[in-house]
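Engineer: just coords:
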């Protein structure tokens, strides 16, 4: 029983130390931002699509970003994999429009989630999809850390 009490005390002390460490470790400055600034990041990304250059599109993503794309089964976890995806995606000349969104602001992070519609100039196809972008401030610019997009499951 004594051993159990010592173990509980040790765990409690470890928990307090870990929590204290987490509190003191977060001394970074938070970049002031706004919903319009975060909303403009989609415009930046969409404009990079218009260049037709997959390298310019992937420049919007952090090095370790995750892309879960609408029209691909494979998660794209590296810059090379994302460039490969966009090389194929850009052939149909996509252009996106936000239908609805919610933006959440954090300390050096933000989330933009909602519904967008893509029109593909080459084929005339129109695809409505749900999306989530997460962003991190790297000290110089906002970069996408995760991008999930999925076609709407229900037909209207």
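Structural biologist: Structure's in. What do you need? Computed from a predicted structure; not experimentally measured. Numbers count the residues shown, from 1 in each chain.

Engineer: what count of nearby residues applies to residue 123?
Structural biologist: Residues contacting residue 123 under the criterion other CB atoms under 10 Å number 11. From N, CA and C alone the C-beta is placed, and that goes for glycine too.

Engineer: give me phi/psi at residue 125?
Structural biologist: phi -70, psi 150 (degrees, to the nearest 10).

Engineer: and the next helix or strand past the helix or strand bottoming out on mean pLDDT in the chain?
Structural biologist: Within the chain, confidence by mean pLDDT, DSSP states H and E is lowest for helix 2-25 among all helices and strands, at a mean of 44. As assigned by DSSP states H and E, the chain's next helix or strand after helix 2-25 is helix 35-50.

Engineer: list the contacts of the helix or strand that that following helix is followed by.
Structural biologist: Past helix 35-50, further along toward the C-terminus, the next helix or strand under DSSP H and E is helix 54-58. By CB atoms under 8 Å, 6 or more residues apart in numbering, the list of residues contacting helix 54-58 from outside reads 45, 48-49, 51, 79, 82-87, 90.

Engineer: for helix 54-58, buried residues please.
Structural biologist: Under the neighbour-count criterion of 16 or more other CB atoms under 10 Å, helix 54-58 has 54, 56-58 buried.

Engineer: stretch 76-84 now?
Structural biologist: Burial within stretch 76-84, assessed by neighbour count using 16+ other CB under 10 Å, is assigned to 76, 79, 82-84.

Engineer: over to stretch 58-74?
Structural biologist: Buried residues in stretch 58-74 (16+ other CB under 10 Å): 58, 60-62, 65-70.

Engineer: check the residues you listed and tell me the two furthest apart.
Structural biologist: 62 and 70 (20.1 Å; CB to CB).

Engineer: quick check: residue 48 touching residue 61?
Structural biologist: No. Counting by CB atoms under 8 Å, residue 48 does not reach residue 61; the two are 10.3 Å apart.

Engineer: angle of the helix or strand harbouring residue 148 against helix 35-50?
Structural biologist: Element membership of residue 148, judged by DSSP H and E, is strand 142-151. Calculated by axes from the mean of the first three to the mean of the last three CA atoms, to 10 degrees, strand 142-151 forms an angle of 70 degrees with helix 35-50.
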